[in-house]
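Asks: whatever this is, show me its structure:
(chains A, B, C and D, ligands or ions: 4)
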Amino acid sequence: MAHAAHRSGEGPSLKFSALSVFFQGLRGNRDWPAQWRSPAPKSAYDAIIVGAGGHGLATAYYMAKEHGMRNIAVLDKGWLGGGNTGRNTTIVRSNYLWEESARIYEHAMRLWQDLSHELNYNVMYSPRGVMMLAHNHHDVQVFKRHVHANRLAGIDNEWLTAEEAKAFCPLLNIGRDIRYPVIGAALQRRGGTARHDAVAWGYARGADRYGVDIIENCEVVGIRRDAGGAVAGVETTRGFIATRRIGVVAAGHTSVVMAMAGVRMPLESYPLQALVSEPVKPMLNCVVMSNTVHAYMSQSDKGELVIGAGTDAYTSYSQTGGLHITLQTLDAICELFPAVRRMRMLRNWGGIVDVTPDRSPIIGKTPTPGLFVNCGWGTGGFKATPGSGHVFAHTVATGEPHPIAAPFTLDRFRTGRLIDEAAAAAVAH
Amino acid sequence: MSEARAANPTPPTPAFPDDAEASLQSVGAAARFVLRGETPAARLAGEALGVAAPGRINRAEAAGLRAMLRLGPDEWLLVADGEAPAGLAGSLAQALDGTPHSLVDVSARQVGFVLDGRLAARLISAGCPLDLRDGAFPVGAATRTIFLKAEIVLWRRAAQTWRLEVWRSFAPYLIGHLAEARRGAADL
Amino acid sequence: MLLIHCPYCDAARPELEFRYGGEAHVARPADPATVSDEAWAQYLYFRANPRGLHAERWRHIHGCGRFFNALRDTVSDRFVAVYEAGAPRPDAAETKR
Amino acid sequence: MSEPFRIATGGDVKAGAPLTFMFDGVSYAGRAGDTLASALLAHGVHLVGRSYKYHRPRGVLSAGAEEPNALVGVDGGAGRFTPNLRATQVELHDGLVATSQNRWPSLAFDLGAVNSLGARFFSAGFYYKTFMGPRAAGLRAWKNVFEPIVRQAAGLGAAPTAPDPDRYAQFYTHCDALIVGAGAAGLAAALAAGRAGADVILCDEQARFGGSLLQERTATIDDAPASAWLEAALAALAAMPNVRMVARTQAFGHHAQNLVGLCERVGDRDSAASEGVRERLWQVRARDVVLATGAIERPLVFPGNDRPGVMLAEAARAYLARWGVAVGRRVLVATTHDSAYRVALDLRAAGVGVAGVVDLRDAPTGELVEAARGAGIRVLAGRAIKSTSGRLRIREARIGPVASTEAAQEERIACDALLMCGGWTPSVHLHAQSRGKLVWAPAIGAFVPGQAAAHVRSAGACNGAFGLAAALREGDAAGAAVAGGSARAYATAHDPPQTGARDIAPARSAAAKDKAFLDFQNDVAVEDVELAVREGMRSIEHVKRYTTTGMATDQGKTSNLNALEVAARALGKAVPEVGLTTYRSPYTPVTFGALAGASRGDLFDPVRRTPIDPWAQAQGAAFEDVGLWKRAHYFPRAGESMAQAVARECRQTRASVGLFDASTLGKIEVVGPDAAAFLEKMYTNPFAGLAPGRCRYALMLNEAGFVIDDGVVARLAPDRFHVTTTTGGAARVLHHMEDYLQTEFPQMKVWLTSTSEQWAVIAVQGPRARDVITPLVEEIDLSREATPHMSVREGRVCGFAARVMRVSFTGELGFEINVPSEHGRAVWEAVWAEGASREAVAYGTEAMHVMRAEKGYVIVGQDTDGTVTPDDLGLGWAIGKNKRDFVGKRSLARPDIVAAGRKQFVGLLTEDPAFVAEEGAQIVDARGGAGGAALGHVTSAYFSPALGRSIALALVANGRNRIGETLHIPIMGRTIAARVVAPTFHDPQGALLDV
Ligand SMILES: Cc1cc2nc3c(=O)[nH]c(=O)nc-3n(C[C@H](O)[C@H](O)[C@H](O)COP(=O)(O)OP(=O)(O)OC[C@H]3O[C@@H](n4cnc5c(N)ncnc54)[C@H](O)[C@@H]3O)c2cc1C
Ligand SMILES: NC(=O)c1ccc[n+]([C@@H]2O[C@H](COP(=O)([O-])OP(=O)(O)OC[C@H]3O[C@@H](n4cnc5c(N)ncnc54)[C@H](O)[C@@H]3O)[C@@H](O)[C@H]2O)c1
Ligand SMILES: Cc1cc2nc3c(=O)[nH]c(=O)nc-3n(C[C@H](O)[C@H](O)[C@H](O)COP(=O)(O)O)c2cc1C
Ligand SMILES: [Zn+2]
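Replies: Ligands and ions are numbered 1, 2, ... in the order given. Presented below is the predicted three-dimensional model:
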């Protein structure tokens, strides 16, 4: 009775619902099927996505669902969702400055609204509001510019006085006694957080239902090209797999993968650290970010304070960073929230983020025929996951950029048509 | 109208709980120059100053109240405690004439302190990540370095005596942290 | 916090005294006016970003003030060699220890 | 109040005056040296908390840092509330107030416990499958209904709400050898390294040094009882000046190149303010690190293994030996390992009833097993605990053959404590953090250090070398090796070999009702891990994240290996094939305050103030933060609003004269024969032809061609320039210049020196500026002819050597007087005094902004955002036409930079002259409001006293061609019409400058 076919997929499935949890529970939870298969790689696919992070999995999901491609695979060198998707601070918002950026993040934002139902997986998208604090005149100017630009584009973003900010987030210290008193804030109410792992798993389960092969522990170590220079397949740690179409969605490792095809990228990979506190009862009801003191914080459903800041100073693939970054992050957090000084850091980790010169992603074709890339999301691509996957699926499936992705070319670095979000926001998120 | 109207030319003396374990004193007015150039320039400047120009980077040489700190391959900090810059500037310029160099008066740019006592090094290490043990930072060593969010010049004058130079607007920050560190080292 | 050996100070000093300067040996074209847009973009923005040995620039900004180059393994963050700006990149084999 | 479970004979705690403490509102007596856990156990209190998910009653599992269960909130009053502390680590002090967590209304009667009735519906990851509500309801079900419930239910302890009044300190320190852990291995290492003269730091997170020696009552070292040896060793170390011993100090993280973070609890009794600090963070840079962190005992996995009274065996030994506390009166032991027999023997020797030792091994043998048998302790071999019962404390255990599922074969044994030992897990946390490899050691069923990182060594139990002799030997060898000393031999006795097999999860009895827990704190049971595997979670990382095993505040210290073993079995793989999750810092949680240190308030970031600042403060100026600087924003008079004050400052400046403190401007002295050539590279402008004594407004670009800074370049001499930068750009510009100088143009003979703080800068602006300063200036002819606009002169002001620049950022006649900082205030006051008779006014940054906007002068960073070229700003004239190259020049020829339609800098006049547009407001061409495409935005907007109306500056697509057009600014639901004009509103011809 609880065996209903998954509405949006095709393969056999068990729909997730309160009812299924109840009935399976009665049966001792013995009959839950695997959420995704563990197939061996086939010898050839119509398309291969390199990287089973949220973006890669979403790409495959929409390629299958919206473009009818079934014979596709997502390869990952480790476990799916183990890259930045599994280690980010989960902030979701769309109040970016430039029209191009705002459009793609807003595209994602719209998809977030219904994502749990779309995937039949509770990704716990929680629109608790993302508040960016202004501490000086320059912040005010920058954030008001965002507010106006966003509102013009139909994206919610509003300006709050310090008192209004305090009313929205009671934990905030708006006293004059801190080094940089809060003088206002920009608030995006639809912004918030989502459960990072669930996003990867939800897309993986969804893609798997459509027959997408998700192949873990399969590292791409080479890209084979034919005499004409077009892609012919990938060399992997599990053997050669033929394909004429490759979508590289490898985040921090993009430069490494693209180098296999001889393509140099405008990317640098930096460690970005985050940390969580021990869980406590609800104390922080929204996401608070501050560029000036350079830190941000939210509280997860489980109760941990989730905290992050900027990248380490040097490029690295080590998934760790310096202790001084943690110290600087926490002195900033404690300055904003003096009540959290007695909280304790439970775990501190790092990811590797792929940073572009203008802090905007690169989505689209490359000089190598058949090779597509979606990268450069840097410190802030989790929020874009559904939108990025959706537009990139179009790009890989049709060979032409989705209109929303069109400005995010590699060529903009030649022409100078940058989409410079660095000019607008300095803090990682 | 030529007499100086300066009311208070020396930087404020730090509010620091001096005790036998650590005391912090302002060095008062001093003439300071940044000399940039090659070793011959340093040698000439040293002669004019009456101090042997330090040959190695991150070393200082002193003679009386005058000193030369070699902060980089082509950079020396010249300090003359208690002196006015004008006189010294003339004799230095004269000595250096004809040798490529840059001599810039920074007397007012920074202020100097002497931190003294058993805990002195400990307090510096509240903000400075350098190894300050005898082997790594012997008496006579001098370097530019970092103290939390301020840049300082650190010079070890004697086993427990340290000279600190800091840009003037950073001085309250430095002093504040040293005082805070004194409290944090109370039982050490 | 890394410990970085400054070739000018000839001492290992804490990372906080340094400023990272990106990939080394990205030479500014001698006469930029003659360079194509494509080549200019490569100079401005495109980087090797390798997983492994990386030749990179550092400045001992809060120390001796000098820029210098280093070879560092970006996986272990271990420094393999440091050398003065302008010097050629050391042979990787030479530096393997 | 008596302590019924305190044994008269044993224990290191002092009998002395009792301490009084409260737990959940009940007052108890304890002793100095107690932990909260030992003091509660002395009263027979085992129930101390409720579990996270099912609210199961939970007791004290361990005696140390690994404790997953006994979490309490400790309230020191007045902002000193700390949640989630382990009762096993909280040192007792008089007046301590602790409360249990995660229960309502009380610990013994907790309504949340209904959750455990529904346990089967709360399986691993159930929340991913439900709580979504109907699709039509969108997010509402989750957002408004389920999430608030989930959040309220989750989260362990209460959140602190008041600002923490305590202080924290941080120090860097260096040593030759950092030794972490002061058990037998660490002590032996410290002795060896110390003797050899090394500079040693020895730390242990416990209040006392000794590690497991503290509970060792039988073994001897060098013929002395272990305790006597310990005392002697500590005395010997204390006598070595080169050894620093820090107790209560956890090594929490190992970072690159042996930077180890230590956190020391200094004044932390969680009581009233102490004069000193609560915690001290040490960042230790050690040449060598010796890890001697010991091993942690593993629980056994059986249904009901979480009842209060079920504990780790060695913990019971510790409570007995160290605190003189018996954990029960009739104790049952269950083990797979010999070490638990030692516990049974010690308990028996102390007069505690031992109901038997249940050993999962078929035929346990060895010295300790025989000793136990010899002492009359019943040994049940080949048996396992099948279930337990008891409501808030264990009352009875059912014992059966290991492989049996039949309830009929089970024996019931009454007990009030059940001690378990599933073997030992070496504490490899720091070794793993240092990127040391781990290898599987089948003999002990655990991972042990393999290839270590350079200069990191492990010794003793953390290295998999169990046993006292081994710990001493390895510690000694490590200490000798790092210090270049020689090893010595320790003779131990009564230190029987201890081994153990590793079958921690026997077959489940049909009669068992409870779950068999792996992760006690996160309530992860065997079936959760099995379910995760069934659902396709094949990586241990997925199992961890799906079940949350090992993610609680103890980070799985007692549970990770058990969970791994269950997962491996479910996957049909060997444990090492499945692998481990990543060990991350910190070892145990570290207080935010300790990590933040003293950096708060004015010590958070430097508060930079100019020499003139005290004067401005005395005048009642309002200040604004600009970077690290505090700048006088405006100078309100009594009853004046900001707008009024600013208008007055502007009017008076233009009417007579205004003084402005411009000391924060960045200044760089550029000296050397190639100085002009170098500046030509760094700025767009030409400098070769700039005569000494003249100034030039200069634009700096980055290599991408965008404006990053501007300033005035004053040529003092052929080879000497005084260059100013923006306040915020000072450091950045100097670095940028050094970069090019050192790496692109190293052949140039020129040197850069920051003089930002050498000079205080007093801007005197307005038609009467010359009149005001002339009396103070010597050696300079300030006349129009002798010192024209954009010139610089050296001379004396008030007798001080000064550089006087004739420049203007207001559009009026203006001078900037540079004097050495220490004289800044005196000169300012002298100018002020001179000005008094000429209606001089002091103006702040706001008036400065208004006046420059009236003139259309750009503020880099406000009117520009890193995407703006000189031409966009209408500053094409600043580009040296004949210069072949300067930084950024090539980029100005890129296709998109030369394309038509770029945003250009223009002025805007709103139709309504009273309406001041908001900075950041968007500009559209139709009255469309929202939805219309933006043409640009307002970069600056003010009410202009000079024009008596509002003005604005903006970047507008194709703006210069739109001059005369009317555009629209949507603001707050309104749309404001504004006319595009040239960006200079006041004195466009510049006549006022040339006076
Ligand atoms: C600490 C931290 C905090 C962050 N906080 C936020 C935030 O709050 N909000 C936000 O929006 N964003 C945030 N981000 C950024 C965000 O996490 C990323 O932009 C986003 O998750 C990228 O997703 P992805 O799917 O592209 O990459 P990933 O999830 O990293 O996936 C890339 C995958 O490619 C695989 N791969 C790499 N090389 C190969 C190869 N050769 N062969 C096969 N597979 C390969 C990797 O194993 C990996 O699984 C944060 C990032 C970090 C590190
Ligand atoms: N029976 C067995 O199989 C078995 C197993 C393990 C240990 N032991 C016994 O344990 C002893 C081993 O001695 P040892 O010295 O290796 O271990 P130990 O347990 O005696 O000492 C380890 C010490 O390290 C401290 N510590 C752990 N992590 C720390 C950290 N991150 N920061 C600061 N301190 C930390 C602990 O507080 C403890 O005091 C021997 O006496 C041995 O008999 C026996
Ligand atoms: C939003 C978020 C919340 C987390 N909460 C916890 C937590 O409660 N407990 C925990 O141990 N780790 C938590 N983590 C950290 C993960 O355990 C892990 O460190 C992170 O995914 C990086 O993986 P790695 O440490 O295995 O490299 C959290 C991570 C994220 C992104
Ligand atoms: Zn150096």
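Asks: which residues touch the residue sitting nearest the centre point of chain B?
Replies: Closest to where the C-alpha atoms of chain B average out (Cα atoms, centre = their mean) is B:Glu165, at 4.0 Å. Residues in contact with B:Glu165 (Cβ atoms under 8 Å, 6 or more residues apart in numbering or on different chains) are B:Arg32, B:Leu77, B:Val79, B:Gln110, B:Val111, B:Gly112, B:Phe113, B:Ile152, B:Val153, B:Trp155. Glycine gets a C-beta too; all of them are placed from N, C-alpha and C.
Asks: please name the nearest non-neighbouring residue to the last one.
Replies: Read it as B:Trp155. Counting by Cβ to Cβ, 6 or more residues apart in numbering or on different chains, B:Trp155 lies nearest to B:Ala142, which is 3.7 Å off, once chain neighbours are set aside.
Asks: pretty sure the one you found contacts B:Leu69?
Replies: Yes - in this structure B:Ala142 lies within contact range of B:Leu69 using Cβ atoms under 8 Å: 4.3 Å.
Asks: got any residues that touch both of these two?
Replies: Shared contacts of B:Ala142 and B:Leu69 (Cβ under 8 Å, 6+ apart): B:Pro54, B:Arg59, B:Ala60, B:Val153, B:Trp155.
Asks: what about stretch D:121-139 and chain A, any contact?
Replies: Yes - for a cut-off given as Cβ under 8 Å from any Cβ of the partner chain, stretch D:121-139 has contacts with chain A, namely D:Phe121, D:Ser123, D:Phe126, D:Tyr127, D:Tyr128, D:Lys129, D:Thr130, D:Phe131, D:Met132, D:Arg135, D:Gly138, D:Leu139.
Asks: from D:Phe915, how far out is the first one?
Replies: Put plainly, it is D:Phe121. 61 Å (Cβ to Cβ, to the nearest Å).
Asks: flag every residue of the stretch 251-400 of chain A that's near ligand 4.
Replies: Applying Cβ under 5 Å from the ion, we find that the stretch 251-400 of chain A lies next to ligand 4 at no residue.
Asks: for ligand 3, what's the nearest residue on chain B?
Replies: Using Cβ to the nearest ligand atom, the closest approach of chain B to ligand 3 is made by B:Pro129 at 25.9 Å.
Asks: tell me, how many residues neighbour that residue?
Replies: For B:Pro129, the neighbour count with other Cβ atoms under 10 Å in any protein chain shown is 24.
Asks: just curious, which of the contacts of B:Glu165 is nearest to A:Val234?
Replies: Nearest to A:Val234 among the contacts of B:Glu165 is B:Ile152, at 53.6 Å by Cβ to Cβ.
Asks: so which bits of the host helix or strand of the closest one are buried?
Replies: Using DSSP states H and E, B:Ile152 falls within strand B:150-158. Buried residues in strand B:150-158, counted by 16 or more other Cβ atoms under 10 Å in any protein chain shown: B:Ala150, B:Glu151, B:Ile152, B:Val153, B:Leu154, B:Trp155, B:Arg156, B:Arg157.
Asks: now the fourth one. Nearest residue, chain neighbours left out?
Replies: Excluding the flanking residues, the one nearest B:Val153 by Cβ to Cβ, 6+ apart is B:Glu165, at 4.0 Å.
Asks: across the sheet, point out what pairs with the one you found.
Replies: B:Gly112, B:Val153 (DSSP bridges).
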